[in-house]
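Asks: I would like to see how this sequence folds:
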Amino acid sequence: MRMGAPSIHINHADRLAMGRRVRAARIRAGLTYAQLSAAMGVSAQTVADWQNGGRPDDAERRAKLCELLDVTEAELWAEYETALAAASTP
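Replies: Have a look, this model is predicted:
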């Protein structure tokens, strides 16, 4: 039987903080929504979702985004990683 990913909860303030970091990193990298979405192969709406606290679902996409923005996953999504670790602890 395959077990799914643990269910986690990220509060609104933490989502906003993560989104602000994604936006700031995009601006520091000198990329517009359109440029980042084209480089990532996603819609501008997806980039907007990330800037509102969302996070790419797959590891390859997260790695590519971090590479383009010259940041680590921990820098962008520390609260998510903390919540995931807490949910994974028995």
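Asks: residues near residue 67, how many?
Replies: 10 (other C-beta atoms under 10 Å). In short, each C-beta sits where N, CA and C put it, glycine included.
Asks: distance of it from residue 25?
Replies: 11 Å (C-beta to C-beta, to the nearest Å).
Asks: go on, residue 43?
Replies: For residue 43 relative to residue 25 (C-beta to C-beta), the value is 19 Å.
Asks: the more surrounded of those two?
Replies: Shown here are residue 43 and residue 25; by other C-beta under 10 Å, residue 25 has more neighbours (20 against 12).
Asks: Tell me who's in contact with that one.
Replies: 69, 70, 71, 75, 76 (C-beta atoms under 8 Å, 6 or more residues apart in numbering).
Asks: Below-threshold pLDDT in this protein: ranges please.
Replies: Under the criterion pLDDT under 70, the flagged ranges of the chain are 1-8, 78-79, 83-88, 90.
Asks: in it, which residue is closest to the centre?
Replies: Closest to where the C-alpha atoms of the chain average out (C-alpha atoms, centre = their mean) is residue 55, at 3.1 Å.
Asks: Tell me how many other residues crowd the closest residue to it other than its chain neighbours.
Replies: Sequence neighbours aside, residue 77 is the residue nearest to residue 55 in space, at 5.4 Å (criterion: C-beta to C-beta, 6 or more residues apart in numbering). Residues near residue 77, counting by other C-beta under 10 Å, number 26.
Asks: For residue 77, give me its contacts.
Replies: Contacts of residue 77 (C-beta under 8 Å, 6+ apart): 18, 55, 62.
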